[in-house]
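**Student:** take a look and give me a structure for this.
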Amino acid sequence: MSRRILLSNAVVVTMDAERRVIHTGSIGIDNDTIAFVCETGAEPVEWRHVETWDLAGRVVIPGLINTHTHAAMTLLRGYADDMALMEWLEKKIWPFEAHLTPDDVYIGALVACAEMIRSGTTVFADMYFHMEGVAKAVAESGIRASLSRGLIGTAAQAGEDDEALREAVRFCERWQGGANGRITTCLAPHAPYTCPPPFLEKVVDAASAHDLSIHTHISETKDEMAQIARTYGGSPVKYMLRHGVFKRPTLAAHCVHLDDEDIDILADNAVAVAHNPGSNMKLASGVAPVTKMRDRGVVVGLGTDGASSNNNLDMIEEARLAALLHKAVLFDPTAIPAMDALAMATIDGAKALRMDDQVGSLEAGKQADLVVLSTRRPNMAPLFDPVSNIVYSSNPGDIEHVFVRGEFVLRDGKIVAFDESRAIEEFRSRSARLAQEAKS
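**Tutor:** Presented below is the predicted three-dimensional model:
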């Protein structure tokens, strides 16, 4: 059944190529697509009698895009804090994850979807395991996602590793275009230090054979840099280049420790980067050279990483951190302006996921993924600059509605598609059980 909705009288932050902000604007939604964006009063005549939402006192922005997370790690939120990355992984995270079941991952991902929707995220890129559970949560919640099964290669378990790769390919075949087109898939070799050359090359071959992109971690810590240099020579970026990873469209999370040659390699191979300022600060991994990458033409989106290393999935906060962090370390208040931070959270994130033809800005012909924020709360007044308010002043409590493909996934502050309270209740029970099992 055809459905049209007119959103009127809003401040519309388009994030289009001109970065237009329409201070009294209208958006026409025709089923799942944006039909037009214009000044209120300039709508096509035939739209003046459709279902209309008067959004005076609100700002509308494109849905936020989380380019790197591990959704089901919500189950580990607060379980292990204030530790270095490898100690954190080896002593706390991996032992906990060893007890995860597919149903645990499903409920962890479902609660993550609620958290992301509530904070304005409409697309996320996920790397984990038991990915059928994550896909099920995405399908149920109404959100959009790029999903990949994390892959680790060890010489001692070559047979198991090969089966994991086959499983990952089967997952991609089952779910590409799933949930009415809201799910895309890719392959995810975890990192240079967990994927030795023979296994890494198998992943690249599989990605080529099945026309899949790659999502991976690169150059996250100084320890990783030292290990790769000691074992293989060169940097993690050069290691991935040598073994053909960048022959496939690649999304590289973190990229904290890069020299100029690494940045040139990323730019020359159109490798997109998922910048995770909150997680990188919390784990003391360092500060990615984002301004250098952007100046060289590397597409940089934003990600939260998992809720066990952030500890939230709030992309508004991530945009704020990106804007503030680089000002501080570069002693330059213009390093990442508010508009650039919001671009990294929207249109640049869409470019990083190779879906900017569909989402990331409010333009005719794109999918109707958008977020409506109130400006009537104290933290949002006055409204001299809507983009400044969004990046520096807003929080998830300001979000009233979220649309994905023209459908409400959050309406009047309430999750639409599933019983959020019931999901959280089950989530708490499972998290407590897992923590007990990890200690035994």
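
**Student:** only C-alpha atoms for contact and neighbour calcs from this point on.
**Tutor:** OK.

**Student:** contacting residues around residue 347?
**Tutor:** Applying Cα atoms under 8 Å, 6 or more residues apart in numbering to residue 347 gives the contacts 15, 16, 356, 359, 360, 361.

**Student:** and for the second one, the neighbour number?
**Tutor:** By that I understand residue 16. A count of neighbours around residue 16, defined by other Cα atoms under 10 Å, yields 15.

**Student:** now it, what's its secondary structure?
**Tutor:** Following DSSP: H, G, I helix; E, B strand; the rest coil, the label given to residue 16 is coil.

**Student:** list the contacts for it?
**Tutor:** Residues near residue 16 by Cα under 8 Å, 6+ apart: 347, 361, 362, 363.

**Student:** bridged to residue 148, which residues?
**Tutor:** Under DSSP bridges, the beta-bridge partners of residue 148 are residue 127.

**Student:** residues contacting it?
**Tutor:** So residue 148 contacts 126, 127, 128, 131, 168, 172, 185, 186, 187, 188, 215 (Cα under 8 Å, 6+ apart).

**Student:** now it: how far from residue 259?
**Tutor:** Going from residue 148 to residue 259 by Cα to Cα, to the nearest Å gives 28 Å.

**Student:** what do you get for residue 405?
**Tutor:** Computed with Cα to Cα, the distance linking residue 405 and residue 259 is 40 Å.

**Student:** more neighbours, the two?
**Tutor:** Between residue 405 and residue 259, counting by other Cα under 10 Å, residue 405 is the more crowded of the two (26 against 12).

**Student:** so what's the closest residue to that one other than its chain neighbours scoring on pLDDT?
**Tutor:** Among residues not flanking residue 405 along the chain, residue 32 sits closest, at 4.2 Å (Cα to Cα, 6 or more residues apart in numbering). Predicted confidence (pLDDT) for residue 32: 98.

**Student:** residue 32 contacts residue 364, correct?
**Tutor:** No: the pair residue 32 / residue 364 is not scored as a contact, 11.4 Å apart, by Cα atoms under 8 Å.

**Student:** looking at these two, which is more packed in?
**Tutor:** Neighbours were counted for residue 32 and for residue 364 using other Cα under 10 Å; residue 32 has more, 19 against 16.

**Student:** okay, now the unreliable bits of the stretch 151-300 of the chain?
**Tutor:** Applying pLDDT under 70 to the stretch 151-300 of the chain flags residues 155-158.

**Student:** got the domain boundaries for the protein?
**Tutor:** With domains defined by automatic domain parsing, the chain comprises 4-62+358-415, 64-352.

**Student:** can you add distance to residue 424 and give those domains back as JSON lines?
**Tutor:** Below are the domains of the chain laid out as JSON lines (distance: least, Cα to Cα, whole Å):
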{"stretch": "domain 4-62+358-415", "distance to residue 424": "12"}
{"stretch": "domain 64-352", "distance to residue 424": "6"}
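
**Student:** quick one: closest of these to residue 438.
**Tutor:** Residue 438 sits nearest to domain 64-352 of all these, at 4.9 Å, using Cα to Cα.

**Student:** got the end-to-end distance for that closest one?
**Tutor:** Start-to-end span of domain 64-352 (Cα to Cα) is 13 Å.

**Student:** circling back: any idea how far residue 370 is from the residue nearest to residue 405?
**Tutor:** According to Cα to Cα, residue 32 and residue 370 sit 11 Å apart.

**Student:** give the residues shared as contacts by those two.
**Tutor:** Listed as contacting both residue 32 and residue 370 by Cα under 8 Å, 6+ apart are residue 404.

**Student:** just to revisit the earlier point, let's see if you can find the most crowded of the contacts of residue 347.
**Tutor:** Counting by other Cα under 10 Å, top hit in those: residue 360 with 32 neighbours.

**Student:** now do the contacts for the residue of the chain positioned farthest from its centre.
**Tutor:** Largest separation from the mean C-alpha position in the chain: residue 45, at 37.9 Å (Cα atoms, centre = their mean). Residue 45 is in contact with no residue at all, counting by Cα under 8 Å, 6+ apart.

**Student:** most centrally placed residue in this structure?
**Tutor:** Closest residue to the average C-alpha location of the chain: residue 66 at 1.7 Å, with Cα atoms, centre = their mean.

**Student:** got the phi and psi for that residue?
**Tutor:** Backbone torsions for residue 66, taken as degrees, to the nearest 10, come to phi -90, psi 100.

**Student:** distance of it from residue 440?
**Tutor:** The spacing between residue 66 and residue 440, counted by Cα to Cα, is 35 Å.

**Student:** residue 306 now?
**Tutor:** 24 Å.

**Student:** so these two - more neighbours on which side?
**Tutor:** Each of residue 306 and residue 440 has its neighbours counted (other Cα under 10 Å); residue 306 has more, 26 against 5.

**Student:** now do the contacts for the more buried one.
**Tutor:** Residue 306 makes contacts with 69, 70, 71, 72, 73, 74, 312, 313, as judged by Cα under 8 Å, 6+ apart.

**Student:** repeat that for residue 246.
**Tutor:** By Cα under 8 Å, 6+ apart, the residues touching residue 246 are 240, 269, 271.

**Student:** residue 414: which of those is nearest?
**Tutor:** Nearest member of the contacts of residue 246 to residue 414, counting by Cα to Cα, is residue 271, at 37.2 Å.

**Student:** distance of the closest one relative to residue 163?
**Tutor:** Distance, residue 271 to residue 163, using Cα to Cα: 27 Å.

**Student:** can you give me the strands in the stretch 201-350 of the chain?
**Tutor:** Using DSSP state E, counting those that start in this stretch, the strands found in the stretch 201-350 of the chain span residues 214-218, 250-254, 272-275, 300-302.
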